[in-house]
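Student: prediction below, plus the sequence it came from.
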Amino acid sequence: MVKVRKGHFENKKKISQIFEDAVNESDDEKDICRSALGVDIGTSKTVFAKNGNGNGGKDYFSQRNAFIEVEYSKFTEKILQQNDICHYRLKDSIVVYGDGAEIFANTLNKETRRPLKNGLLNANEVNAVEIIKGILDDLIPDPEEKNAPLCFSIPAAPKKAESDIIYHEAIIKRLLDDKGFKSKSINEGMAVVFSELEKENFTGFGISAGGGMCNVCLSFLSIPHISFSISKGGDYIDEAVSSVTREVGTRVRSIKENKLNLLNTPENEIEDALHIYYDDLIRELVMTMKKSIEETSRIPKLSSPLPIVLSGGTAKPKGFKERFEKFLNQVEFPVEISEIRMARDPLNATANGALIAAMYQG
Amino acid sequence: MIVFDVMQSSEPKELPPESYRKKIEAVACSISDPVQKLRFLKRAIDEYPEESGSGRDDISSDTSSNFSESRKKYGSGGENAVKDLKTVHRAPETRTGRFRVSAYFMALGLFLIFLFGGGMLVFPFKGAHKNHQKEYLQHIKEPQVSHAVHYPAFMQVKEAESLPPVEKKDLSREIPKYLDKLIWMVEKSDDSEYYSNRLKINTTKTIENIPRGYYLFKKGDGKLLQPGVFTNQIKGILYHASESDIFAYRPEMTQSIKEYSRLLIRYLNKKKAYHYFIDRFGKIYRLIQDDHAAFHSGNSIWADDEFLYLDLNHAFIGICFEGRDFEAIKPSDTSVQHENQPNIVPMEQSSINEAQLISGKELTDWLRVKYKIPQNNCVPHGLASVNPYDRLIGHHLDLSHGFPFDFFEISNKYEEPIPAITEFGFTYDNYFVEIFQGKLWSGIAAAEKIITMRANGKLMSVVDYRKILNGKFKQIFTWMKDKTAVRSQGLPTADQPGT
């Protein structure tokens, strides 16, 4: 009897002690939280998040992961310098990268190129590492203290490309560590869970629908359980629509980002194609989620249904959530879902989650 | 159950059994800070006692005292933790634990049978166990996962303890001395929050809008293509007057006044117009939750020492006093007026009463402590509102005269240079001059003086310098409108509802 009681006391004491330790931050932990940074390295954009002025807010900075190569001339170089556009000289050409590349491409009626493809460093671009280094250098300030904690997002390994992610992660980590950070990677879907599912004790699905791919993570009490990605994202939709409508990618992207409402009936050929390819992407996402859950034998016993949070630029058009819900209702989903909701700030959710992870990791 | 580590690790990790998970979930619900919650969950899972023999109904006095200490230490936020811990105490045993407990009971029973020769003593234990299991099951029927339980009081204590100076300069001017003390939540119910400085907020009308998120620009940084910082920080307070019809403030009008306020709140909620509303009896309502924007500012410009704010819906908290400080000119007077003459005049005495001002002050103090808002960013709407197309100040005029800055312990903004003029070269028209019958804020003259000095420094005329400032505004305004189109939220393209 006495022995049972002792064991019981020890267990309870432990939870209360852990609670106290967790909420009672040491000065070191406070410093770590203040200096921590989160970075979302997506196919189309890099977003960097840091804590605001100690009032609970967060600041976000972003650069497009895009570049364009133009012929070198002194005049061009001067214009770029005057307007603070990121660039570097490469033999007889100038490589313009970041947000400025998009503007330059529009002026020259050219398409930008991407240092990342399907969420990973683009093997077809020789200068991909150099460009992503430039973007990170420009976007992220040097750490105030050496070894400041930083978490950066990486996608879940796509099927048949498991080895590529090792290279991608190692290169990004090296670039950030060389800047003086103590960097760690975090799964992109998990970052969405950290950012959006705090009230649910970090239990549920986090989905990041980005430019190159869609990342999904199912977490229980902050522990990732299933994570996977599909190699379809905003770029897939742009290319497919552009191909069938013979319209330039920039215009397709502009309609998609500014006007598209998936709840309305399409008004023209481009919108029609956008609806079709969005449906295709959502269908594949839902089916892969279903299959992944069914294939695992390790789903814990659930006391309540799970929430799903959608984030990322590809999930931004109005009606995405409703379409997703529609497809989910059409299939026999293996776990009960409590609600499907959009992230509070879909474009910055991953960076915010990475920041929370960095603050926690220290 | 095999799962993976929190980060991108391939190291497999085992989740503890369901009963233990429920215990830690119950405690985690009382932690509002995501990092602290993450830390707690991770440690609780890591330190799961494999050999634990937990599970009986005993409430350990040792543990309770432990939590009482936590509660004292962290304020009322610990209350929920204590409640949740009691839930933990009542939790059923793990399968292995139950087996072990049963074994002990069996041994004890046999011992007692042997000692007293009675065979019935085992059953009361069994019955008691069943009852408690039932009680526990009743308890967990409430959805644990979706608990939106927030007890931020201990967080506020922590925030206030580490309150840094808002600006590096003279702190005493920025934050009144007594605000160095803490303001913390002392009571929270389903319909109100009560704070240690007497502030009481009615939360029955609180709704969501859109999450805060806006661009802020460094002062003096007007380069094209220089992206503004995207943030969701609360940076200031914008005071409004509802400029609505008012009943005489007399006892016999009580019901009419209350009914009018009720209808006004309903209208304001529909328009998502303000974060806080203070009715004529000083009752404070939170209309929009703090971390969301409200459509209170229309097109407005403000600046502090460091930043320019062009999207005050997202950057500032909007507090609206029910009342008015302008009145319409009587028809008999207008008949002799010329065509473009204003049809309103400032009231000699504002209808905003003492009860409202006291409530407004309490609310201001709490917001300033909570969000570390410097006094320069506490401003009446009339001083910040602009017409961006004609580059004119004073587009809305609420609280543009007679605001009791001293009472709020903030500096008199009527006397300070107007940011829309100094930063973007805005000006004013005859209509504005006539409304105030020529008695303009002295801050306008101060701002004009600054512009003249800067123009002289650059060896150019004031007109040319103003054009440069106007151009800078146009660049930022256009840039923000483009960003707004992409984000669908942000700076309003047309004037939003407000006063």
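Tutor: Perfect, thanks for sending it.
Student: how much space is there between the residue of the stretch 51-200 of chain A found nearest chain B and A:Lys45?
Tutor: The minimum distance from the stretch 51-200 of chain A to chain B, using C-beta to the nearest C-beta, falls at A:Gly57 (2.9 Å). (Glycine included, C-beta is placed from N, CA and C.) With distances taken as C-beta to C-beta, to the nearest Å, A:Gly57 is found 21 Å from A:Lys45.
Student: torsion angles phi and psi at the closest residue to the residue of the stretch 51-200 of chain A closest to chain B other than its chain neighbours?
Tutor: In space, and not counting its chain neighbours, A:Gly57 is closest to B:Gln233: 2.9 Å by C-beta to C-beta, 6 or more residues apart in numbering or on different chains. Phi and psi for B:Gln233, reported as degrees, to the nearest 10, are phi -70, psi 140.
Student: swap in the one 10 residues further on?
Tutor: Reported as degrees, to the nearest 10, the phi and psi values for B:Glu243 are phi 50, psi 30.
Student: quick one: it and B:Arg324 touch, right?
Tutor: Yes: contact criterion C-beta atoms under 8 Å: B:Glu243 and B:Arg324 qualify, at 4.7 Å.
Student: between those two, which is the more surrounded one?
Tutor: The neighbour count for B:Glu243 versus B:Arg324, taken as other C-beta atoms under 10 Å in any protein chain shown, is higher for B:Glu243 (22 against 19).
Student: quick one: contacts for that one?
Tutor: Applying C-beta atoms under 8 Å, 6 or more residues apart in numbering or on different chains, we find B:Glu243 in contact with B:324-326, B:398, B:499.
Student: reformat these as CSV; add secondary structure, distance to chain A and pLDDT.
Tutor: CSV is the format used below for the contacts of B:Glu243 (DSSP: H, G, I helix; E, B strand; the rest coil; distance: C-beta to the nearest C-beta, whole Å; pLDDT from 0 to 100):
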residue, secondary structure, distance to chain A, pLDDT
B:Arg324, coil, 33, 87
B:Asp325, coil, 31, 84
B:Phe326, strand, 34, 83
B:Asp398, coil, 26, 88
B:Thr499, coil, 26, 32
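Student: now residue 318, nearest residue through space, not along the chain?
Tutor: With no chain named, the answer covers chain A. A:Asn261 (4.4 Å).
Student: not quite, I wanted chain B
Tutor: In space, B:Gly318 is closest to B:His296, 3.1 Å off (C-beta to C-beta, 6+ apart).
Student: so the one you found, which state does it fall into?
Tutor: coil (DSSP: H, G, I helix; E, B strand; the rest coil).
Student: pretty sure the residue of the stretch 51-200 of chain A closest to chain B is touching B:Thr231, no?
Tutor: Yes: taking C-beta under 8 Å as the definition, A:Gly57 is a contact partner of B:Thr231 at 5.9 Å.
Student: of those two, give the one with the bigger neighbour count.
Tutor: For A:Gly57 versus B:Thr231, neighbours defined as other C-beta under 10 Å are more numerous around B:Thr231 (25 against 18).
Student: just list whatever residues bridge to the residue lying closest to the more buried one once chain neighbours are set aside.
Tutor: Distances taken as C-beta to C-beta, 6+ apart place A:Asp59 nearest to B:Thr231, at 4.4 Å, with adjacent residues excluded. Counting by DSSP bridges, A:Asp59 forms beta bridges with A:Lys50, B:Thr231.
Student: so who does A:Asp59 touch?
Tutor: A:49-52, B:229-231, B:233.
Student: that older thread, what's the closest of the contacts of B:Glu243 to A:Lys326?
Tutor: B:Thr499 (41.8 Å; C-beta to C-beta).
Student: where are the low-confidence patches of chain B?
Tutor: Chain B contains residues with pLDDT under 70 at B:1-14, B:30, B:48-181, B:220-228, B:330-341, B:483-499.
Student: so where's the stretch 51-200 of chain A shaky on pLDDT?
Tutor: Ranges of the stretch 51-200 of chain A meeting pLDDT under 70: A:53-56, A:159-161.
Student: would you map the strands across it?
Tutor: A:58-64, A:67-71, A:87-90, A:93-97, A:116-117, A:120-121, A:148-154, A:181-187 (DSSP state E, counting those that start in this stretch).
Student: make a markdown table out of these and add distance to B:Pro374.
Tutor: As requested, those are arranged in a markdown table below (distance: least, C-beta to C-beta, whole Å):
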| stretch | distance to B:Pro374 |
| --- | --- |
| strand A:58-64 | 17 |
| strand A:67-71 | 41 |
| strand A:87-90 | 38 |
| strand A:93-97 | 37 |
| strand A:116-117 | 41 |
| strand A:120-121 | 44 |
| strand A:148-154 | 27 |
| strand A:181-187 | 31 |
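Student: counting neighbours, what do you get for B:Glu354?
Tutor: 10.
Student: which one is B:Thr364 nearest to, not counting chain neighbours?
Tutor: Distance criterion C-beta to C-beta, 6+ apart; nearest residue to B:Thr364, sequence neighbours excluded, is B:Phe408 at 5.8 Å.
Student: in terms of helices and strands, where is the one you found?
Tutor: Per DSSP states H and E: B:Phe408 is located in neither a helix nor a strand.
Student: could you find the closest non-adjacent residue to A:Asn352?
Tutor: A:Ser195 (4.2 Å).
Student: so the one you found is in contact with A:Ile356, correct?
Tutor: Yes: with contacts counted by C-beta under 8 Å, A:Ser195 reaches A:Ile356, the gap being 6.5 Å.
Student: related to what we said a few turns ago, what's the closest of the strands of the stretch 51-200 of chain A to B:Lys272?
Tutor: strand A:58-64 (22.9 Å).
Student: next, the angle from the closest one to strand A:93-97.
Tutor: 150 degrees (axes from the mean of the first three to the mean of the last three C-alpha atoms, to 10 degrees).
Student: CA atoms only for strand A:58-64, dumped as PDB, please.
Tutor: Coordinates of each C-alpha in strand A:58-64 appear next as PDB, following Å, rounded to 0.1, in the frame of the first residue of the first chain:
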ATOM      1  CA  LYS A  58       6.200  39.100 -34.800                       C
ATOM      2  CA  ASP A  59       7.900  40.800 -37.700                       C
ATOM      3  CA  TYR A  60       8.100  39.100 -41.100                       C
ATOM      4  CA  PHE A  61      10.400  39.800 -44.000                       C
ATOM      5  CA  SER A  62      10.300  38.000 -47.400                       C
ATOM      6  CA  GLN A  63      12.100  37.800 -50.700                       C
ATOM      7  CA  ARG A  64      11.100  35.900 -53.800                       C
END
